[in-house]
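Asks: kindly generate the corresponding structure for this input.
(2 chains)
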Amino acid sequence: MRDNGRRFGVSIRNLKFSYELPAGKNKRGVSSYVLDLEELDIHSGGCHVILGPNGCGKTTLLKLIAGLITPTEGHLEMNAKAVLVHQRPYLLSGTVYHNVSYGLRIRKTAKHEIEQRVLSELENWGLLHLKDRSTAKLSGGEKQRTAIARAMVIRPDILLLDEPTASVDPDNISQMEELINRILTGGTTVILSTHHLDFAYRMADSIFRLRRGRPVQAHENILTGQVTGREEFFNIFETEGTKLFCPGRDGHFRRAVFSENDVILSKELVKSSARNVLAASVEELIPDGSEVIVRLRAGFSFKVRISGASARELDIRPGCRLYAMLKSSSIGLY
Amino acid sequence: MDSVFGYALKLLLTFDKETYFIAGLSLRFALTSTIFSALLSLPVGVLLGLNRFRGRRFCITVLNTLMALPTVVVGLFIYALVSRSGPLGYLGLLFNPSAVIIGQSILSFPIIASMVNTSVERLDGNLRETLVTLGASKFRIYLTILSEARFSIMTALLAGFGRVIGEVGVSMMLGGNIRWWTRTITTTISLETSKGQFGLALALGIILLIIAFTVNFITHWTVKHER
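Replies: As a prediction, the model looks like this:
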C-alpha cells in the first residue's frame, strides 16, 4: 500500500442511510435503507475502490464520506479534508481557469498564489492550453480532468472519485489510470467507485464490494508487483520477492489476482500439474460458517478458503507449514 | 382616425411633456417595484428551488395561483389595508406612488419567485454538492447559484417587469390616477379612451408597445445566451 505518511482515516460503524422520510421504511413497509454497513475502515494512503453494480449504493457511500449527506443511523468518523468529484461533474459557466480557481477564490487566497497554484494544477492535468476555454466547449474527458484539477488545487487529504471512467472512452482509461497514479504519488488518498472489475483490480490497494447497499465479502487475493520475465508460455510475476507463473499474455501488468477458492493446500509436497507451489506458513485461521479462511505468508500474504473438515484433517494451526498449489491459469493479470 | 394617429405621432415626435412624464412615471413605478419585489422573490425562489421540505409543494402551488391573481384583486386587498379605515391607514399611503409600488411589488412577487424556483430547480443537481465539497459557505453557495442561473433570473425579472408595466388595476385603485402624481400609461389610456380622446391614449399605447418589444427582445437575447 502506498503510504503518504499522513495519519487519518474513515471509520464507519453500524451505518444506515435512507433517502426516505421517515427513515427506515417506505410506504409499503419495506426497508428503504440504501446503505447498511456494520463496519468499514479505510486507512490513509493508497487507492481504495468501492466496487459494485449500478444502484448498489456506491455514490451514496462516497457522499457520506464527503459529508454531503449524514447517516440516518450509526456513525461515520473522518478526520480529513475530502473532496468529491461527481460522475458527471458540474462545471461552472466561464473558463477552465475560473473553475479550477474557485476553491481558492472562496478561501480568499492571495491572487498571485491562486495564479501560481492554478497554473501548476492545469499543467499537471494537461489543461494549460485550455485555461481560457469556455467549459461549454470541453469534451467529456476534458470536463472530468477540469473537475479533478478543481478538486486537487485545494490540496485535499482524500479525493473521492465517483465512477471516474464513466465519461471516458475506453482508449483513454489508461490515461485516467496514469493520472490517478500521479495523485497517489503526490500523497493524496483516493477513494473511487466503479463497476469495472479490470479497472478496480488495476487501481486498488483495497477493494470494498457492495451489493444492494450491503457489503459483499471479497474472495480474491490482489497482489501488487510486476512482470519480470517470461518462461516458456508463462509470464513471471514478481511480488514481494516471490515469483508466480502467470498466463503469458502481452501487456503492462501491475496486479495479479487469484481467488481464495483456487488454492489447494497440502501438508507435504505433492507432484501436480500446478505451476505454482509455494511453501507457506499459516498466520491466522478465521472460521466462516462451515468453512475456514486460512491466512498464509509465502513472501507475500494471501488467504485460502477451505472446508472446516479439511482444516481439521490437515490439522492446520497458526505457525504450521503448508504447501499452497495454484494453477497459473487461475491467476489473472491486470 | 387619421387625425388621431397624426396627433399621437405629434405628441411623440414633439416630445410632449405630459406624455413622456407619464411614460417615465410608469417605468419608474415598474422598475422600482420589480427591484423591491426581487429583494424578496429572489431568495424565496432560490430557497424553494434548493431545499426539500415539508410544505414546499404547497408553497409552489400558492405561488402559481398568485401568478394568475387578477390585478384588481391585489389592488382591492392592498386598498383595504392602506385606506383611511384600514390597519395601515395611518401611514397615509393611499393615492401615493408608494401604494402603487407596494401593489406592483406584490403583483410581480409570485411570477419572479416561481420562475426563479424553476430555473434553480433545473440547474444540475450536482451543483450544490460540488460547491459544498469545494468548501463554499452557505452564502457563497447562494451567490454562486444566482450567478449560474443569472440568465434565467434575468428572464424572470423581465417577466415580473412585463407584468407590472402593463397592469391597470393596482395603479388605478391604489394610485387614484392623479395627474402629475400617480397617472401611469395604462390608467391614462383607460381614462382618455373613456373620454373619447384617443390621441394621448394612442401615443402612450405606442410607447407601451415599444417597451413590451424591448423587454421581449432582451428576454429572447438572454434565453439565447443561456443556451
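Asks: past the lengthiest helix in chain B, which element shows up next along the chain?
Replies: Ordering each helix of chain B by length in residues (DSSP state H) puts helix B:17-50 first. Proceeding N to C from helix B:17-50, the next assigned helix or strand is helix B:56-67, under DSSP states H and E.
Asks: so B:Ser114 sits against B:Ala68, correct?
Replies: No. If you go by C-beta atoms under 8 Å, B:Ser114 and B:Ala68 don't touch, sitting 10.7 Å apart. Heads up, the C-betas are built off the backbone N, CA and C, glycines and all.
Asks: these two - which one has more neighbours?
Replies: Each of B:Ser114 and B:Ala68 has its neighbours counted (other C-beta atoms under 10 Å in any protein chain shown); B:Ser114 has more, 23 against 8.
Asks: assumed the more buried one was part of a strand.
Replies: No. Per DSSP: H, G, I helix; E, B strand; the rest coil, B:Ser114 lies outside any strand segment and is helix.
Asks: ok, it to B:Leu50 distance?
Replies: Relative to B:Leu50, B:Ser114 is positioned 15 Å away (C-beta to C-beta, to the nearest Å).
Asks: what ranges does the stretch 51-200 of chain A have for its helices?
Replies: Taking DSSP state H, counting those that start in this stretch, the helices of the stretch 51-200 of chain A run over residues A:58-66, A:96-100, A:102-105, A:111-124, A:140-152, A:173-185, A:197-203.
Asks: packing partners of the second one?
Replies: Meaning helix A:96-100. For helix A:96-100, the packing partners by 3 or more C-beta pairs under 8 Å, 6 or more residues apart in numbering or on different chains; DSSP states H and E come out as helix A:111-124, helix A:140-152.
Asks: and that helix, how far out from the chain's middle?
Replies: Put simply, helix A:96-100 sits 28 Å off its chain's centre (C-alpha atoms, centre = their mean, to the nearest Å).
Asks: and that helix, what's buried?
Replies: Residues of helix A:96-100 classed as buried by neighbour count (16 or more other C-beta atoms under 10 Å in any protein chain shown): A:96-100.
Asks: can you check the shortest one too?
Replies: Neighbour counts using 16+ other C-beta under 10 Å place A:102-104 of helix A:102-105 among the buried residues.
Asks: run through the residues you listed and flag the ones next to chain B.
Replies: Here is what survives when those are matched to chain B using C-beta under 8 Å from any C-beta of the partner chain: A:102-103.
Asks: out of the buried residues of helix A:102-105, who's nearest chain B?
Replies: Lowest distance from chain B to these (C-beta to the nearest C-beta) belongs to A:Gly103, with 4.4 Å.
Asks: Provide a list of residues in contact with that closest one.
Replies: A:150-151, A:153-154, B:134-135 (C-beta atoms under 8 Å, 6 or more residues apart in numbering or on different chains).
Asks: recalculate using a threshold of 6 Å.
Replies: Contacts for A:Gly103 (C-beta atoms under 6 Å, 6 or more residues apart in numbering or on different chains) come out as A:153-154, B:134.
Asks: got it, and B:Leu42?
Replies: Applying C-beta under 6 Å, 6+ apart, the residues contacting B:Leu42 are B:Val116.
Asks: show me the shaky parts of chain B.
Replies: Applying pLDDT under 70 to chain B flags the ranges B:1-2, B:226-227.
Asks: next to chain A, which bits of it? Give me the list.
Replies: Contact residues (C-beta under 6 Å from any C-beta of the partner chain) of chain B with chain A: B:124, B:126-127, B:129-130, B:132-134, B:136, B:140.
Asks: coming back round to it: mind putting the buried residues of helix A:102-105 into a markdown table with distance to A:Glu231?
Replies: Formatted as a markdown table, the buried residues of helix A:102-105 follow (distance: C-beta to C-beta, whole Å):
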| residue | distance to A:Glu231 |
| --- | --- |
| A:Tyr102 | 54 |
| A:Gly103 | 51 |
| A:Leu104 | 53 |
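Asks: from the buried residues of helix A:102-105, pick the one nearest A:Val257.
Replies: The nearest member of the buried residues of helix A:102-105 to A:Val257, counting by C-beta to C-beta, is A:Gly103 at 36.7 Å.
Asks: what sits closest to the closest one if chain neighbours are left out?
Replies: A:Ile154 (3.9 Å; C-beta to C-beta, 6 or more residues apart in numbering or on different chains).
Asks: ok, that neighbour to A:Leu127 distance?
Replies: 16 Å.
Asks: comparing the two, which shows the higher neighbour count?
Replies: Using other C-beta under 10 Å, the more surrounded residue of A:Ile154 and A:Leu127 is A:Leu127, with 23 against 20.
Asks: for that one, phi and psi?
Replies: Main-chain torsions, A:Leu127, degrees, to the nearest 10: phi -120, psi 0.
Asks: show the contacting residues for it.
Replies: Applying C-beta under 6 Å, 6+ apart to A:Leu127 gives the contacts A:96, A:145.
Asks: if we go to 8 Å?
Replies: Counting by C-beta under 8 Å, 6+ apart, A:Leu127 touches A:96, A:100, A:142, A:145-146, A:149.
Asks: nearest to A:Asn221, of the residues you listed?
Replies: Closest approach to A:Asn221 among the contacts of A:Leu127 (C-beta to C-beta): A:Arg145, at 33.0 Å.
Asks: what's the pLDDT at the closest one?
Replies: Among the per-residue scores, A:Arg145 shows a pLDDT of 92.
Asks: so how many other residues sit close to it?
Replies: The number of residues near A:Arg145, taken as other C-beta under 10 Å, comes to 26.
Asks: pretty sure it is touching A:Leu179, no?
Replies: Yes. Counting by C-beta under 8 Å, A:Arg145 touches A:Leu179, with 7.3 Å between them.
Asks: which residues are in contact with both of the two?
Replies: The contact lists of A:Arg145 and A:Leu179 share A:Trp125, where a contact means C-beta under 8 Å, 6+ apart.
Asks: contacting residues around A:Thr60?
Replies: A:17, A:34-35, A:69, A:213.
Asks: an error on my part: the question was meant for A:Ala280.
Replies: So A:Ala280 contacts A:296-298, A:302, A:321-324 (C-beta under 8 Å, 6+ apart).
Asks: now swap in B:Trp181 and tell me
Replies: B:Trp181 touches B:95, B:97, B:175, counting by C-beta under 8 Å, 6+ apart.
Asks: among those, who's most crowded?
Replies: B:Gly175 (26 neighbours).
Asks: list phi and psi for the residue nearest to that one when sequence neighbours are not counted.
Replies: Nearest non-adjacent residue to B:Gly175, counting by C-beta to C-beta, 6+ apart: B:Thr182, 3.2 Å away. Phi and psi for B:Thr182, reported as degrees, to the nearest 10, are phi -130, psi 10.
Asks: having no further points to raise, I will conclude here.
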